[in-house]
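K.L.:
Provide a 3D model corresponding to the input given below.
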Amino acid sequence: MSTYMAKAENIDRKWYIVDAANKPLGRTAATVAALLRGKHKVEFTPHVDTGDFVIVINASKAILTGNKLTQKYYQRHSGWIGGLKETQYKTLMAERPELAIELAVKGMLPKNSIGRKAATRLKVYAGEEHNHEAQQPTVWAGK
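P.N.:
Okay, here's the model as predicted:
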């Protein structure tokens, strides 16, 4: 018996909707990262990009447990001396909740070309409306 290896040209990509309303940010990001990677499929192959497209709606209604809203910071650096910029997650979730989910998912993807390609298939929206009805997405209910 031989092991099945998926080919990039034979991958059938589907579109899924994940609702982030009243769910922890990290749990939602872990689910989305697994979908983007293709780990829910039987034909998952680690060295081939077998993932699907994911639409995350209600990003502004995602919750952070504990004291993360005040104690967790999003940090970025300009590359210059003293160029560290910090944003508290309370303001990040209020102003740009899409970025918070994108950063959480990106951190859970592999740091290589497969992860970079998978990150481009993620679409995040703060509200319930999205413009991907033509792709006929299905709501992800979990395994």
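K.L.:
first to last residue in stretch 71-85, what's the distance?
P.N.:
15 Å (CA to CA, to the nearest Å).
K.L.:
which outside residues touch the strand or helix carrying residue 34?
P.N.:
In the assignment (DSSP states H and E), residue 34 maps to helix 25-37. Contact with helix 25-37 is made by 16, 18, 20, 40, 44, 50-52, 54, 56, 62-64, 100-101, 104-105, 107-110, 114, 118-119, 121-122, 140, 142, as judged by CB atoms under 8 Å, 6 or more residues apart in numbering. Quick note: C-beta positions are derived from backbone N, CA and C, even for glycine.
K.L.:
go through these and flag which are in strands.
P.N.:
Cross-referencing the contacts of helix 25-37 against strands under DSSP state E gives 16, 18, 54, 56, 122.
K.L.:
how about those residues in CSV, adding neighbour count, pLDDT and distance to residue 28?
P.N.:
Converted to CSV, those look like this (neighbours: other CB atoms under 10 Å; pLDDT from 0 to 100; distance: CB to CB, whole Å):
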residue, neighbour count, pLDDT, distance to residue 28
16, 19, 98, 12
18, 24, 97, 6
54, 24, 98, 10
56, 27, 98, 7
122, 22, 98, 12
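K.L.:
which one of the residues you listed sits closest to residue 93?
P.N.:
residue 56 (13.9 Å; CB to CB).
K.L.:
ok, what's across the strand from that closest one?
P.N.:
When bridges are called by DSSP bridges, residue 56 pairs up with residue 18, residue 124.
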